[in-house]
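S.K.: Quick one: sequence plus predicted model below, questions after.
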Amino acid sequence: MKRALGAVAVLLLLLSACGSGGHEEAPARHPGVRSDFDGDGYGDLVVGDTTATVHGKYAAGYAAVLRGSAHGPRIRKPQVVTQDDLGFGKAGEGGAFGSAGTTVTADLDGDGRADLVTQAGRRTLFVVWGSDKGLSGAAAARLTGSAPLAGDVNGDGHTDLVVGVGEVDDNAVRILLGPFSREGTPRRTVSLDLTPPSGSRYAVSVPAALGDVTGDGKDDLLVSWSILADYAPVARATVLYRGSADGNLVEGPRLPDGFYGSSLRTADVNHDGYDDVVAGLPCEMLGDEMVPEGGSRLSVLYGGTLKTSRITENTAGLPVGGPFMPCTFGAAPAVGDADGDGYADVVFSVRPRTGSAEVVLLRGSAEGLTTEGARAVPGDFGVLLDTTGDKAAELVTDDLGRIRVWRGGSRLLAFTASGLGLGPGISGGGRGFRPVG
């Protein structure tokens, strides 16, 4: 027991270590609400469909912005952006512009409005700049990279991007330190080698999330050490790279054994000033789909203390009764503050053996994630976003291409891609239509 306690003490000491250094520029004026592209105080909802045909190119994809208001997203006259609008050549088939999995929103140039960063193809990122009129394809930049993550790794108040380079087994990322020029040029670029330890069982390192787990004002990079199964990475451990004032992230310790997931998200669930890590692990692809050892689950690691908790299908108080279909519990976690109390809440999806898929919302509290006050609504995917400007996020769900927006337990609106009026040149799709978190 003493040896175990000593190991935890060393781990906490390593996590609390941080660098020092002066800021080169004044902090940026970031939007008060995530995804606020026009700076009006309302979060704007982005929905995309990677399967849509754009000007004859199958699966070229698009992103449509529904501007927020006091009454929620406005579905009339959405701002629709495709790769063809950006002035960098026409999209090819399968470009998948606007994918929920490779799109982030963040204020890159520090003008107080969010910008949209989305991947198209294998190694191209597009930045669509926000303005007082929202997003416009006339103002865009092109970057080289993949799978962007947004945060502030050096604590200077400017948004930075972490982007992949090359193939997944290259085990390297570039850190693009903000602010960015309107041409897409970062203030500085840092390369980071993520190669797992020599001789270990891990073949690749996958950048998974950014968040201030150490509480030092700098976002840390969470990396999934993974094995390969049929050439696809399967997470087996999580390691933290500490943010630093010069942007040269420092490899920290591996997080406690057994804490990993196919999806990682960060937010302050217990409102203690440290970002917590939420890991969803519904399934593993080991040749075939397999229930993970220990069962499908949603895990939380609490920043600062490094204590962990698990939500499983056997957890008391869940708003959806089991049994559940294999490989579905804990899928697609997302975070946000649904009731404006300062504690981050968590949503994830489940599929009972009888009935349709449900999106479960669990509340954050001083004691951590809790099933008290939990609720569920129909859907197989959900995000949390404050579209009404009241500091409480609405729950936006996707149910086989039908998007619903919920405030509390009441539905604000529902729509499909066909009801948006996307304009000429965009057709088909619908199968990949979902909200972007």
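M.R.: Good, I have the coordinates. Residues are numbered from 1 along each chain as shown.

S.K.: which residues does the nearest residue to residue 206 once chain neighbours are set aside contact?
M.R.: Among residues not flanking residue 206 along the chain, residue 224 sits closest, at 4.5 Å (CB to CB, 6 or more residues apart in numbering). For every residue, glycine as well, the C-beta is placed using N, CA and C. Taking CB atoms under 8 Å, 6 or more residues apart in numbering, we find residue 224 in contact with 205, 206, 208, 233, 235, 236, 237, 238, 260, 261, 264.

S.K.: Recalculate using a threshold of 6 Å.
M.R.: Listed by CB atoms under 6 Å, 6 or more residues apart in numbering, the contact partners of residue 224 are 206, 208, 235, 238.

S.K.: now the stretch 151-300 of the chain, which segments are flagged as low pLDDT?
M.R.: Applying pLDDT under 70 to the stretch 151-300 of the chain flags the ranges 168-169.

S.K.: can you give me the strands in it?
M.R.: For the stretch 151-300 of the chain, the strands defined by DSSP state E, counting those that start in this stretch cover 160-164, 172-180, 186-193, 204-211, 220-229, 232-242, 250-254, 263-267, 276-281, 284-286, 288-290, 297-301.

S.K.: Using TSV, lay out those together with distance to residue 367.
M.R.: Output for those, formatted as TSV (distance: least, CB to CB, whole Å):
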stretch	distance to residue 367
strand 160-164	32
strand 172-180	35
strand 186-193	35
strand 204-211	20
strand 220-229	23
strand 232-242	23
strand 250-254	25
strand 263-267	16
strand 276-281	12
strand 284-286	30
strand 288-290	33
strand 297-301	11
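
S.K.: Most tightly packed of those strands?
M.R.: strand 276-281 (a mean of 28; mean count of other CB atoms under 10 Å).

S.K.: which residues are in contact with that one?
M.R.: In contact with strand 276-281 (CB under 6 Å, 6+ apart) are residues 261-266, 269, 292, 297-303, 330-331, 333, 346, 348.

S.K.: same question, stretch 128-136
M.R.: 37, 38, 65, 79, 81, 113, 114, 115, 116, 139, 140.

S.K.: ends of stretch 311-328, how far apart?
M.R.: 13 Å (CA to CA, to the nearest Å).

S.K.: Same question for stretch 368-385.
M.R.: So stretch 368-385: terminal residues 21 Å apart, CA to CA.

S.K.: which of the residues in that stretch are buried?
M.R.: 368-370, 374-385 (16 or more other CB atoms under 10 Å).

S.K.: how near is the residue nearest to residue 206 to residue 57?
M.R.: Residue 224 sits at a distance of 33 Å from residue 57 (criterion: CB to CB, to the nearest Å).

S.K.: In CSV: the contacts of residue 224, plus distance to residue 145.
M.R.: Below are those laid out as CSV (distance: CB to CB, whole Å):
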residue, distance to residue 145
206, 14
208, 16
235, 21
238, 22
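
S.K.: out of these, who's nearest residue 106?
M.R.: residue 208 (16.9 Å; CB to CB).

S.K.: Kindly provide the distance from the closest residue to the closest one other than its chain neighbours to residue 57.
M.R.: Sequence neighbours aside, residue 264 is the residue nearest to residue 208 in space, at 4.1 Å (criterion: CB to CB, 6+ apart). Distance, residue 264 to residue 57, by CB to CB: 33 Å.
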